[in-house]
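Visitor: here is my input; please provide its structure:
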Amino acid sequence: MPVGTEYKLCSNAKDYFLFFGRISVEKGLMSLVKAYHKGNFKNKLYLVGDGPLREELENYVKENNLTEKVIFTGFQSGDALKKYVEEAKCVILPSEWYENGPYSILEAIALGKPAIVSNNGGLPEIVDDGKTGFICEPNNPDSLCACLEKMNNLTEDEYLAMSKAALEKARENCDCEKYYEKLMNCYKDLIKAKGGKKI
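Guide: Numbering: from 1, shown residues only. From the prediction side, this is the model:
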C-alpha cells in the first residue's frame, strides 16, 4: 500500500456496487454488466473510470434499459474517487486476465470494503472467499451474479463482520511498515544462513 494509507472502517456505506479502474475488456466489465442485468438488482452499479470498452458497455446498458441503474462517472481521482469507494457497498474486480496486486482492491480493503473478485492471478490471495468478500469464476456472468446476490443477502451483522475482516487483512498484509519489517527479516535470515558472508 502507498505510504500514508489510512486504514479505517467506513460507516457511511450506501447501497451501490462499485468498479473503479480502466474500462477495458480484460477487467471483465462486460461480464459484470451482464451479471448485474441478469440479477435485476435494485442496487445501482457505478463504473468509475474510462477506457476503450466504455462505448460498447454504454450501448449494452441503453439497449437493456439499464441507464437509470448503471452509472458511468468517467475518470475520478483524489477525494472524489475516495468518496465513491467509502460509500460503496462493495468493490468489484472480475478480471479476465492475470491480475497481480491491483491497487483498486488493496485500497478498497484498506477502507473496510468487502470485495468481489475473479479466481484469477493474485486476486484470490487478497480476498478470502466468504470472509472478506466473494470469489467468482472469470468470464462467467452466472457465477458473478451469484456473488452479487450473496453480498446483498448478508445480514447487517454479517456485512459488518466482513468489513472488519477486510480491514484487518489490509492492516496485516498490506501495511508498508510491516512489509518492510518482514522483508528485512528475510534478508537477515539469508545472511545468517550464509554464515554472515555477503550474498
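Visitor: and Val25, how many residues sit next to it?
Guide: Val25: 15 surrounding residues under other Cβ atoms under 10 Å. (Each C-beta comes from the backbone N, C-alpha and C, glycine too.)
Visitor: the closest residue to Arg22 other than its chain neighbours and Asn152: what is the separation?
Guide: Nearest residue to Arg22, sequence neighbours excluded (Cβ to Cβ, 6 or more residues apart in numbering): Gly51, at 4.5 Å. For Gly51, the distance to Asn152 (Cβ to Cβ, to the nearest Å) stands at 27 Å.
Visitor: state the phi and psi torsions of the residue at minimal distance from the centre of the chain.
Guide: The centre of the chain sits closest to Ile105, judged by Cα atoms, centre = their mean, with a distance of 3.4 Å. The phi and psi torsions at Ile105 (degrees, to the nearest 10) take the values phi -80, psi -40.
Visitor: and the pLDDT for it?
Guide: Looking at Ile105, its pLDDT is 93.
Visitor: how close does it sit to Ile191?
Guide: Taking Cβ to Cβ as the measure, Ile105 falls 34 Å from Ile191.
Visitor: which residues in the protein form strands?
Guide: Secondary structure of the chain by DSSP state E: the strands cover 16-20, 44-48, 70-74, 90-93, 115-118, 133-136.
Visitor: next, the angle strand 44-48 makes with the third one.
Guide: In this case it means strand 70-74. Here strand 70-74 points in a direction 20 degrees away from that of strand 44-48 (axes from the mean of the first three to the mean of the last three Cα atoms, to 10 degrees).
Visitor: mind giving me the packing neighbours of strand 70-74?
Guide: The helices and strands touching strand 70-74, judged by 3 or more Cβ pairs under 8 Å, 6 or more residues apart in numbering; DSSP states H and E, are strand 44-48, helix 54-63.
Visitor: OK, contacts around Arg54?
Guide: 23, 72 (Cβ atoms under 8 Å, 6 or more residues apart in numbering).
Visitor: lowest average confidence, helix or strand, in this protein?
Guide: Every helix and strand of the chain was ranked by mean pLDDT, DSSP states H and E. The lowest is helix 176-193, at a mean of 75.
Visitor: which strands and helices sit next to that helix?
Guide: Applying 3+ Cβ pairs under 8 Å, 6+ apart, one finds that helix 176-193 contacts no other helix or strand.
Visitor: list the buried ones in that helix?
Guide: Neighbour-count burial for helix 176-193, counted by 16 or more other Cβ atoms under 10 Å, picks out no residue.
Visitor: go on, stretch 72-88?
Guide: Buried residues in stretch 72-88, counted by 16+ other Cβ under 10 Å: 72, 76, 81, 84-88.
Visitor: excluding chain neighbours, what is closest to Ala108?
Guide: Here the nearest residue to Ala108 in space, its sequence neighbours aside, is Val91; by Cβ to Cβ, 6+ apart that works out to 3.8 Å.
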